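Participant: The sequence and its predicted three-dimensional model are supplied below.
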Amino acid sequence: MKPLSDESAEVSDLAGRTHGPVLTPGAVGYDEERTGYQLLSAHRPALVVGALDAHDVRAAVEFAVATGAKIAVQASGHGLGEALDGGVLISTRRMNEVTVDPAAATASVEAGATWQQVIDAAAPYGLAPLSGSSTGVGAVSYTLGGGVGLLARRHGFAADHVRRIDLVTADGQLRHVTADSDPDLFWALRGGGGNFGVVTGMEIGLLPLSTIYGGGLYFDVERVPGVLEAWCGWTRTVPEEMTSAVTVLPFPDLPMMPEALRGRHVAQIQIAYAGGAEEGERLVRPLRELGSRLRDTLRELPYAESGAVFDEPDQPHGYRSANLLLGALDPDALATLPKLAGPSAPVMCVVGLRHLGGALARAPRVPNAVGHRAAEYSLSVLSPVEPGQEGMARDTHRAVLEPWAEQALGRSLNFTFGPTGEREVRDAFAPDDYSRLAEIRTKCDPGAHFHSNHAIPPIAP
Ligand SMILES: Cc1cc2nc3c(=O)[nH]c(=O)nc-3n(C[C@H](O)[C@H](O)[C@H](O)COP(=O)(O)OP(=O)(O)OC[C@H]3O[C@@H](n4cnc5c(N)ncnc54)[C@H](O)[C@@H]3O)c2cc1C
């Protein structure tokens, strides 16, 4: 794509046709627009369209296809993969309207809305979406990638609850895709990621839920060894209403860290129980009895405060991760984690185990492309990374996951942060499903215009 400037005729023409700003490098606001939550890299587009509506998305897609440019999309930037060099970036963060239909228990969610915005719109009606650990994440991309949330074991993937997806395909058409209007594309979009076009909005089902029993139990792993093994055994005893996870991470000895956790290696068990507080208390008793807690935040929680369950950082930073979806948790492999991912690891490792199964394992009413429903657990290893440390993080993550190879069914793309190769993307799907996704991509985007964070390339002619 040839260099463009704010004064060029093509850019002026596009700017005249869009409601939102059109920015080229050097323009005021360009850097802010392309920068998201992931700070290790950022798209470097020839042009950014700060879309206000579906009309702007269409104009941007038509412009890119006419000029042979690649198209990237960014909402919050939590899931940035390979940064786009040149081409057109469509920034959707202004498109964050959420409309709730309380009678139908559905929400229409624009492309740039975060989960917190959806939660806040639904809460006054006693309704809740299938959101995840961090409420700052973009609802649309999370859902396109499947979406494993706080209520996942009881209600399945977020993608299982989608009613309609509106998207602009490479031919510039705005399509309203439902199970009836285009079964193939509807199947692909729910799990197959941002490979098929630019989603402008979606309609999702909501759950009648105002509160959960949830929060975190924080243990010092040196003083209470065996937390992981105990959590693992406990997960085999709980009902589907209980979705839980455990994260093991070192808290630096720094004044901005919570005093109780500062300088300690901590196992943080995250609990989200879709039921009453009394029964929740009873279910978690064996975990509380493991030993003294550095912190215990379990309580009846308004769903609007559900971000407190994982209490993840909301400050943008650089990070990389890798993960596996597992059929079981092997005790021998579990025993390797303290050595490979503990304080002596070459880079700081945040190890996350999530309990899956339950409704996640059941096929949804309208089939979709989400892979590896048989997985019982996910294991991810994430590191905060500065520029230049990517190789060290990659090698460390490979070493941490290596002992689990035999139980691995595949991987989850939503929990893969950083550039992904074709092999990694294939691993997220059953082989036949991957082939079907590639065929659908070929129909929607034969010229491979869309630069998705987890690319499923069109089939070469
Ligand atoms: C702290 C944290 C917590 C998380 N917790 C969970 C969790 O609990 N469960 C879970 O399943 N996932 C979780 N994720 C993963 C998250 O769902 C994905 O990274 C998701 O892609 C983030 O979407 P975004 O809009 O926030 O990010 P962005 O970086 O803005 O988008 C990611 C990619 O999605 C595509 N995309 C975005 N918008 C569109 C669109 N409108 N049309 C087409 N393609 C689009 C693009 O390829 C883009 O590069 C978490 C991630 C982080 C960083």
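Facilitator: Perfect, thanks for sending it.
Participant: only C-alpha atoms for contact and neighbour calcs from this point on.
Facilitator: OK.
Participant: And the least confident helix or strand in the chain by mean pLDDT, what does it pack against?
Facilitator: For the chain, using mean pLDDT, DSSP states H and E, the weakest element among its helices and strands is helix 9-17, scoring a mean of 93. Identification of packing neighbours for helix 9-17 by 3 or more CA pairs under 8 Å, 6 or more residues apart in numbering; DSSP states H and E yields strand 22-23, helix 54-67.
Participant: Note down every partner strand of the first one and its orientation.
Facilitator: It stands for strand 22-23. strand 47-50 (antiparallel) (DSSP bridges).
Participant: partner residues bridging the closest residue to Val137 other than its chain neighbours?
Facilitator: Computed as CA to CA, 6 or more residues apart in numbering, the closest residue to Val137 that is not its neighbour in sequence is Thr114, at 5.4 Å. Judged by DSSP bridges, the bridge partners of Thr114 are Gly138.
Participant: if I pick Thr114, what's in contact with it?
Facilitator: Neighbour list for Thr114: Ser76, Asn96, Thr135, Gly136, Val137, Gly138, Ala139 [criterion: CA atoms under 8 Å, 6 or more residues apart in numbering].
Participant: Looking at those, state which has the most neighbours.
Facilitator: Taking other CA atoms under 10 Å as the neighbour criterion, Ala139 ranks highest of the contacts of Thr114 with 30 neighbours.
Participant: In the stretch 351-461 of the chain, what residue spans correspond to strands?
Facilitator: 377-384, 408-410 (DSSP state E, counting those that start in this stretch).
Participant: Which of these sits closest to the ligand?
Facilitator: Ranking the strands of the stretch 351-461 of the chain by distance to the ligand, with CA to the nearest ligand atom as the measure, places strand 377-384 first at 9.9 Å.
Participant: Please identify the deepest-packed of the helices and strands packed on helix 9-17.
Facilitator: Greatest average neighbour count among these goes to strand 22-23 (a mean of 24), per mean count of other CA atoms under 10 Å.
Participant: Run me through the strand neighbours of the host helix or strand of Asn323, direction for each.
Facilitator: Under DSSP states H and E, the secondary-structure element containing Asn323 is strand 319-326. Strands that pair with strand 319-326, judged by DSSP bridges, come out as strand 377-384 (antiparallel), strand 408-410 (antiparallel).
Participant: Rebuild those as JSON lines, extending it with distance to the ligand, mean neighbour count and mean pLDDT.
Facilitator: What follows is the strands paired with strand 319-326, written out as JSON lines (distance: least, CA to the nearest ligand atom, whole Å; neighbours: other CA atoms under 10 Å; pLDDT from 0 to 100):
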{"stretch": "strand 377-384", "distance to the ligand": "10", "mean neighbour count": "23", "mean pLDDT": "98"}
{"stretch": "strand 408-410", "distance to the ligand": "15", "mean neighbour count": "22", "mean pLDDT": "98"}
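Participant: Distance to Ala152 added to the ones you listed, as JSON lines?
Facilitator: Supplementary listing: the strands paired with strand 319-326 in JSON lines, determined by distance: least, CA to CA, whole Å:
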{"stretch": "strand 377-384", "distance to Ala152": "12"}
{"stretch": "strand 408-410", "distance to Ala152": "19"}
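Participant: Quick check: which of those strands is nearest to Val370?
Facilitator: For the strands paired with strand 319-326, proximity to Val370 was assessed by CA to CA; strand 408-410 is nearest, at 11.7 Å.
Participant: So for Ala42, which of the strands paired with strand 319-326 sits nearest?
Facilitator: Of all the strands paired with strand 319-326, strand 377-384 sits nearest to Ala42, with 15.9 Å by CA to CA.
Participant: can you dump the C-alpha coordinates of the closest one into PDB?
Facilitator: Output for strand 377-384, consisting of C-alpha atoms alone and laid out as PDB, is shown next (Å, rounded to 0.1, in the frame of the first residue of the first chain):
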ATOM      1  CA  TYR A 377      -9.000 -28.400  32.500                       C
ATOM      2  CA  SER A 378      -7.100 -25.600  30.800                       C
ATOM      3  CA  LEU A 379      -3.500 -24.800  31.800                       C
ATOM      4  CA  SER A 380      -2.000 -21.500  30.800                       C
ATOM      5  CA  VAL A 381       1.300 -19.900  31.500                       C
ATOM      6  CA  LEU A 382       1.600 -16.200  31.100                       C
ATOM      7  CA  SER A 383       4.600 -13.800  31.600                       C
ATOM      8  CA  PRO A 384       4.800 -10.100  31.800                       C
END
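Participant: State the distance from the residue lying closest to His449 once chain neighbours are set aside to Val168.
Facilitator: Of all residues not flanking His449 in the chain, Lys70 sits nearest, at 4.7 Å (CA to CA, 6+ apart). Remark: distance between Lys70 and Val168 (CA to CA, to the nearest Å) = 14 Å.
Participant: How about Ala393?
Facilitator: Computed with CA to CA, the distance linking Ala393 and Val168 is 36 Å.
Participant: quick check: domain ranges of this protein?
Facilitator: With automatic domain parsing serving as the domain definition, the record reports that the chain contains domains spanning 9-91, 98-208+430-444, 211-420.
Participant: any bit of the shortest one sitting next to the ligand?
Facilitator: Pointing back at domain 9-91 there. Yes - contact of domain 9-91 with the ligand (CA under 6 Å from any ligand atom) involves Val73, Gln74, Ala75, Ser76, Gly77, His78, Gly79, Leu80, Gly81.
Participant: who in the stretch 101-250 of the chain is up against the ligand?
Facilitator: By the rule CA under 6 Å from any ligand atom, the part of the stretch 101-250 of the chain lying against the ligand is 111, 132-134, 137-138, 141-142, 147-149, 194, 197-200.
Participant: correction: the stretch 351-461 of the chain
Facilitator: Taking CA under 6 Å from any ligand atom as the criterion, the contact residues of the stretch 351-461 of the chain with the ligand come out as Asn414, Phe415, Ser452, Asn453.
Participant: what would the residues you listed look like in TSV with neighbour count and pLDDT?
Facilitator: Supplementary listing: these in TSV, determined by neighbours: other CA atoms under 10 Å; pLDDT from 0 to 100:
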residue	neighbour count	pLDDT
Asn414	22	97
Phe415	21	97
Ser452	25	96
Asn453	26	96
